[in-house]
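Asks: What follows is a protein structure lacking sequence information:
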């Protein structure tokens, strides 16, 4: 009697077991803006920190070579983007889906003109080791004050 009850119960439990698979992401990195530390900064003295969430299907974000920059930040007031180093976010010889977040600490900025404040917007994107460019996220407006 007990055996008749146990066998169907075990079959029911095993049928309900859920197989969890690793998430599948695109090999082109995707980024999302999570937070900007502040929307008003004083030139030269205050540092802006941008928190970015990322996902990448083959895990090739960042590099161990500090001379290669993977993060690009375009200030709307300037023509050229600033470049930042990103260490590997997964072992460089692994091909795995990765997701997570990191804080990007931007260099202190300054006013370009003679006024007491300027407004900037930032466009941020990543390029992985295969050369795939992520989507571009926008941060701002950010007010830069003289003092």
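Replies: Done, it's in. Being a predicted model, the structure only gives us computed values, none of them experimental.
Asks: Touching, residue 121 and residue 136? I think so.
Replies: No - here residue 121 does not reach residue 136: they are 11.4 Å apart, not a contact under Cβ atoms under 8 Å. C-betas here are computed from N, CA, C, even on glycine.
Asks: which residue packs closest to residue 54, ignoring adjacent ones?
Replies: The spatial neighbour of residue 54 that comes closest, neighbours along the chain excluded (Cβ to Cβ, 6 or more residues apart in numbering), is residue 31 at 5.1 Å.
Asks: so what strands line up beside the helix or strand containing the one you found?
Replies: In this structure, residue 31 is located in strand 30-36 according to DSSP states H and E. Strand 30-36 has these partner strands in its sheet, going by DSSP bridges: strand 49-56 (antiparallel).
Asks: what's the partner strand in contact with?
Replies: Applying Cβ atoms under 8 Å, 6 or more residues apart in numbering, the external contacts of strand 49-56 come out as 23, 25-37, 61, 89, 97-106, 122, 124, 126, 128, 134, 137, 139.
Asks: Now residue 78: closest residue in space, sequence neighbours ignored.
Replies: Closest residue in space to residue 78, ignoring its immediate chain neighbours: residue 112 at 7.8 Å, by Cβ to Cβ, 6+ apart.
Asks: Please determine how far that neighbour is located from residue 79.
Replies: Residue 112 sits 11 Å away from residue 79 when distances are taken as Cβ to Cβ, to the nearest Å.
Asks: Settle it for me: which of those two has more neighbours?
Replies: Legend: neighbour count by other Cβ atoms under 10 Å for residue 112 and residue 79, higher for residue 112 (13 against 6).
Asks: quick one: contacts for the more buried one?
Replies: Residues near residue 112 by Cβ under 8 Å, 6+ apart: 77-78, 118.
Asks: now the helices for this structure?
Replies: 2-16 (DSSP state H).
Asks: about what we covered before: tell me, what's the model's pLDDT at the residue nearest to residue 54?
Replies: pLDDT, the model's per-residue confidence, is 97 for residue 31.
Asks: Ok, the one 4 residues further on next?
Replies: Per-residue confidence for residue 35 comes out at a pLDDT of 95.
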